[in-house]
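> Compute the structure for the input listed below.
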Amino acid sequence: LIGITFLSFLLVYHSPGDPAMVALKKSGMRVSEEALELKREELGLNDPFAVQYGRWLNEFFHGDLGESYKTGKVVAGELKKTIPATLLLTVAALALTILISFPIGVLCAKYKDRGFDNMIRFVTYFLSSLPSFFLALLLMYVLSMKLQLLPVIGSVSGKGIIMPALVLALTLSAWYIRQIRGIVLQELEQEYVDGLKSRGASENRILFFHVLKNCMLPIVTLLGMSFGTLLGGSAIVETIFSWPGVGRLAVTSISARDYPVIQAYVVWMAMIYLLINATVFVSDSGSKSQKGKECTMKKMDGKFKISLLFLAVILIIPVIGPHLIRHDPYAVNVRNAFLSPCKEYLFGTDNLGRCVFCRILAGSRTSIYTALLIVGIVFLVGTLVGILAGFAGGVLDEILMKITLVFQAFPAFVLSIAIAGILGVG
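Numbering: from 1, shown residues only. Alright, predicted model coming up:
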C-alpha cells in the first residue's frame, strides 16, 4: 500500500497543472500571481516532494484524506457518496452476468461442439471483440433513441440502472460463458464421472448433482475477482451514462487535477486489489489441497489453426493497408459528409467527409504496431525480471515481486493519463 501511494503521489507531483489554480478557479474570482502564491503556500505545494508525501501519509494514517481542490469538500465524504452507486451497479451487473452466463456455459459444455455450442462461442467471441464504450453507445442508440425504452442518463432508481448494468453484464458474460464451459468440461473428464456412468447414473444427474457442485469453487472465485474489479468503478461505462459512481468521480478528478481525490481513488483501488489477492490465494490453496490437478497440453487442432490464420491476416494489415487506402484519411471535404456506404466509400464518410474505411485502415496500422511493441517490451522486461528473481531469490526476489504488485494494483487509466501528462503530446 505504501508503494502504491508513493508512486501515485510521485506521478501527481510531476504532472502538469497547478492545484492552486484549480482551487482558486472554483470560486470564480480573478486569479492573480499573488493569490496563486498564497494558495500554494496554504496547500503546502512549495514544500519539497518528501515533505509533501510525508505530510499526506501522516494524515492518511490518521484517517484524513484531505479536501477536494475542486469542491472544497472532505474527500472521504465525496468517496462515500459514490461508493453506494458503484456497489449497486456492481451487484446488478453481476446478477445479470450469472443469469446469462451460468446456464449458457453449462449447456455449452453439455452439448460440446454441437450447433448450440458453436453458435454461442461465435457470439461470445464477437462480444469480446467489442469495446465496452462501443457496446454502450450501440445500446444507447437502439434502446433509448430508437425504441425509447430506457433513459439515456443512468440513475440509481427506476430504469436508469438497466442499461449500464446490461453493458457490463454483456461484456462480462462473453468471458464468463467460456470460462464456465471450460471449468465444466474439465470436471467432466475426471475419473469419478466415469465411475458414476458405470454405475448407471444418468448424464443429467451426473452434471447437475455432482459436476456442478465441484465447479462452484473456481466459479465463485471468478465472481469474487469481478466483484472487486467492478467495485473500483467502471470508468468508461459510468462516464458514458453519467452514473454517479467511483469511476466517474476518478475521471472528473483527473481532468480537474483534483489530486487529493485521485490519491483517495488510488488507495481505494489498492485496498480492493489486496483483498482480491488474499481471497484468490485462499481459494487457490483450498482448490489445490482438494484436487491437486495438473495442467496438460492439448494437441493443436483445426480450430487453433484457424485462429492462427486470423492472426496472420491481422498482422498482414500493416503491410497491405497502404495499398488499400484510396483516399487521404485525414483530408477534410465537407461536401461529402455523411455519405452512405458505396463502391467509392465502403463504410461511408464521417461528419467531415473523410473516408471511414481508409481511416480504419490507417488507424489499425498504428494500433497493431503499438500492440506488437507493447508485447515485445512486456515479454523482454517480464522475462528478464522473472529470470533474475528466480535465480537470485532471497531479498532481491521479494523486492522485485513487491514492485510488480505495486504496478498491478495501480489503476491503469490513472497511470496512463499521468504518464501522458508528464511526457506531453507526441
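> Any stretches of this protein with poor pLDDT?
Within the chain, the stretches with pLDDT under 70 are 1, 16-17, 22, 26-29, 232-233, 277-307, 318, 408-426.
> Now with 50, please.
Within the chain, the segments meeting pLDDT under 50 span 287-300, 425-426.
> Strands of the stretch 51-200 of the chain, start to end?
In chain order, the stretch 51-200 of the chain shows no strands, with DSSP state E, counting those that start in this stretch as the criterion.
> In it, what residue spans correspond to helices?
75-110, 115-129, 132-139, 162-188, 191-198 (DSSP state H, counting those that start in this stretch).
> among those, which is the most enclosed?
Between the helices of the stretch 51-200 of the chain, helix 162-188 has the highest mean count of neighbours, a mean of 21, where neighbours are mean count of other Cβ atoms under 10 Å. Using the backbone N, CA and C atoms, a C-beta is placed for each residue, glycine as well.
> Does anything pack onto that one? Which helices or strands?
helix 75-110, helix 115-129, helix 132-139, helix 212-231, helix 235-240 (3 or more Cβ pairs under 8 Å, 6 or more residues apart in numbering; DSSP states H and E).
> Any chance of a markdown table for those, columns distance to S255?
Listed next are the helices and strands packed on helix 162-188 as a markdown table, based on distance: least, Cβ to Cβ, whole Å:
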| stretch | distance to S255 |
| --- | --- |
| helix 75-110 | 15 |
| helix 115-129 | 29 |
| helix 132-139 | 17 |
| helix 212-231 | 22 |
| helix 235-240 | 10 |
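> which stretch among the ones you listed comes nearest I368?
Set against I368 and scored by Cβ to Cβ, these come closest in helix 115-129, at 14.5 Å.
> picking up where we left off before, can I get the helices of the stretch 51-200 of the chain in a markdown table including distance to V220?
Listed next are these as a markdown table, based on distance: least, Cβ to Cβ, whole Å:
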| stretch | distance to V220 |
| --- | --- |
| helix 75-110 | 11 |
| helix 115-129 | 21 |
| helix 132-139 | 24 |
| helix 162-188 | 11 |
| helix 191-198 | 21 |
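> Which one, of these, ends up nearest to A337?
Of those, nearest to A337 by Cβ to Cβ is helix 132-139, at 19.8 Å.
> dump the residue contacts of R178.
Taking Cβ atoms under 8 Å, 6 or more residues apart in numbering, we find R178 in contact with G105, R121, T124.
> actually D328, sorry about that
Applying Cβ under 8 Å, 6+ apart as the definition, the contact partners of D328 turn out to be C358.
> Tell me how far it lies from I360.
D328 sits 14 Å away from I360, going by Cβ to Cβ, to the nearest Å.
> Check the spacing between the residue lying closest to S340 once chain neighbours are set aside and L185 real quick.
Computed as Cβ to Cβ, 6 or more residues apart in numbering, the closest residue to S340 that is not its neighbour in sequence is G348, at 5.4 Å. For G348, the distance to L185 (Cβ to Cβ) stands at 43 Å.
> Next up, the contacts around the residue nearest in space to the middle of the chain.
For the chain, the residue sitting closest to the mean C-alpha position, by Cα atoms, centre = their mean, is S234 at 7.1 Å. Shown here is S234, whose contacts under the criterion Cβ under 8 Å, 6+ apart are L89, S132, P164, L168, G245, G247.
> switch to 10 Å and redo it
The neighbourhood of S234, defined by Cβ atoms under 10 Å, 6 or more residues apart in numbering, consists of 86, 89-90, 93, 132, 136, 164, 167-168, 171, 240-241, 243, 245-248.
> ditto for Y259
Counting by Cβ under 10 Å, 6+ apart, Y259 touches 8-9, 12-13, 15, 17, 19, 22, 43, 45, 56, 66, 68-69, 75, 253.
> element containing A389?
A389 is part of helix 356-392 when elements are defined by DSSP states H and E.
> who does the helix or strand just after that helix touch, helix- and strand-wise?
Moving toward the C-terminus from helix 356-392, the next helix or strand (DSSP H and E) is helix 394-409. Contacts of helix 394-409 with other secondary structure elements, assessed using 3 or more Cβ pairs under 10 Å, 6 or more residues apart in numbering; DSSP states H and E, are made with helix 2-14, helix 259-290, helix 356-392.
> where's the shortest one relative to the chain centroid, distance-wise?
Relative to the mean C-alpha coordinate of its chain, helix 2-14 is positioned 21 Å out (Cα atoms, centre = their mean, to the nearest Å).
> Determine the angle, from 0 to 180 degrees, between it and helix 394-409.
In terms of direction (axes from the mean of the first three to the mean of the last three Cα atoms, to 10 degrees), helix 2-14 departs from helix 394-409 by 60 degrees.
> Please save the CA atoms from helix 2-14 in PDB.
Extracted C-alpha coordinates of helix 2-14, given in PDB (Å, rounded to 0.1, in the frame of the first residue of the first chain):
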ATOM      1  CA  ILE A   2       2.900   2.400   0.800                       C
ATOM      2  CA  GLY A   3       4.500   1.700  -2.600                       C
ATOM      3  CA  ILE A   4       1.200   2.400  -4.500                       C
ATOM      4  CA  THR A   5       0.600   5.700  -2.700                       C
ATOM      5  CA  PHE A   6       4.200   6.700  -3.200                       C
ATOM      6  CA  LEU A   7       4.000   6.000  -7.000                       C
ATOM      7  CA  SER A   8       0.700   7.800  -7.200                       C
ATOM      8  CA  PHE A   9       2.000  10.900  -5.300                       C
ATOM      9  CA  LEU A  10       5.200  10.900  -7.400                       C
ATOM     10  CA  LEU A  11       3.200  10.900 -10.700                       C
ATOM     11  CA  VAL A  12       0.800  13.600  -9.400                       C
ATOM     12  CA  TYR A  13       3.700  15.700  -8.200                       C
ATOM     13  CA  HIS A  14       5.400  15.700 -11.700                       C
END
